[in-house]
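In: structure here, sequence nowhere to be found:
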């Protein structure tokens, strides 16, 4: 039976991976973004979710069986994050035309559900790790909670099923994305190779020595599809990571070896990438010109602030996947391979030399 999907944020890391998987599985896929990009098999929908009237007009002829919300807009404060991002979800769900039969809405948030927003990231009283879905909300403002509440209200009103998906740091390809560790590290390693600078871990001793996990965008896409098509997964929240664990003291050397750079010994000092890369914009433009790269603007490839936030955390972060595994989601992805696959794709697409 033909099925139709609406992927919201289709040009982002998660949205593009989700749209690709759905196309591969035979779905008719509408990809909504403020500035849609060309993606094979995806029908572009241009809309700014901050404008409810324009969103409704853009979606008037789209009647999806499943909706995947994979987007957000970063603001200067958590209060503004809540106001803007909850309104975007509300405008979207208010704009969807009614339909007969089952509809599923999936919302992608993340581990800041457990760690708190950027203003209070990893501070205060936090749940015990590994993080489990039954752990309650923190007593703090968090735009993820506001987004969830909009989905819950609309589901109660319109009768659709929902799922919430909480990845750890996502590995995947997107240009202009606000949270993009994989491409940030690829660009940083390229700059280190160009200049002879040591490949210096920017984060904390807790992250260097402690266990952690990550989420390949393809792994998340598969869980989104699974939840949308598995009745037993309806109206549940799920953690989603690759299924392996590692220490950055090991992974940092794997990435250095892939790029042929020297990994600097870690002495316990935090050296943020925002500082290390602060003056590299002109150098990247020169590399892009010389190598014929597709994107000369360093700020559209790298998001040092986000990588610094993740790698600078003072606590170990491990995610429990038992809930979805018990329900039948058994897919696995090795994280080092996820990085290497991304780096190869970035090179093939002429985003790094």
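Out: Right, received. Where do you want to start? Keep in mind it's a predicted model, so treat the numbers as computed, not measured.

In: can you give me the strands in the stretch 1-150 of the chain?
Out: 4-8, 28-33, 42-46, 66-69, 104-108 (DSSP state E, counting those that start in this stretch).

In: tell me, how many residues neighbour the nearest residue to residue 212 once chain neighbours are set aside?
Out: Here the nearest residue to residue 212 in space, its sequence neighbours aside, is residue 317; by Cβ to Cβ, 6 or more residues apart in numbering that works out to 5.5 Å. In this view, the C-beta of every residue, glycine as well, is placed from N, C-alpha and C. As a burial measure, residue 317 scores 24 neighbours (other Cβ atoms under 10 Å).

In: what does the model give residue 317 for pLDDT?
Out: Note on residue 317: pLDDT of 91.

In: with residue 118 instead?
Out: Value for residue 118, per-residue pLDDT: 74.

In: and for it, the neighbour number?
Out: Residue 118, neighbours per other Cβ under 10 Å, totals 16.

In: show me how far stretch 268-283 is from its chain's centre.
Out: 23 Å (Cα atoms, centre = their mean, to the nearest Å).

In: now it: buried residues?
Out: Using 16 or more other Cβ atoms under 10 Å as the test for burial, stretch 268-283 gives 270-274, 276-277, 280.

In: just the ones of the residues you listed in helices?
Out: The helices, defined by DSSP state H, take in 273-274, 276 from those.

In: can I get those in TSV including distance to residue 226?
Out: Shown next, in TSV, are those (distance: Cβ to Cβ, whole Å):
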residue	distance to residue 226
273	34
274	37
276	39
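
In: what residues does stretch 228-244 touch?
Out: With Cβ atoms under 8 Å, 6 or more residues apart in numbering as the contact definition, stretch 228-244 has outside contacts at 66, 68, 104, 106, 111, 131-133, 155, 161-168, 213-216, 219-220, 223, 226-227, 319-321, 323-324, 327-329, 331-335, 338.

In: one step back: could you measure from the residue nearest to residue 212 over to residue 90?
Out: 30 Å (Cβ to Cβ, to the nearest Å).

In: ok, back up a step: doesn't the residue nearest to residue 212 fall inside a helix?
Out: No - the assignment for residue 317, made by DSSP: H, G, I helix; E, B strand; the rest coil, is coil rather than a helix.

In: dump the residue contacts of it.
Out: Contacts of residue 317 by Cβ under 8 Å, 6+ apart are 111, 115, 129, 131, 168, 210, 212-213.

In: ok so, going back, helices - which of the contacts of stretch 228-244 land there?
Out: Going by DSSP H, the helices hold 155, 219-220, 223, 226-227, 323-324, 335, 338 from those.
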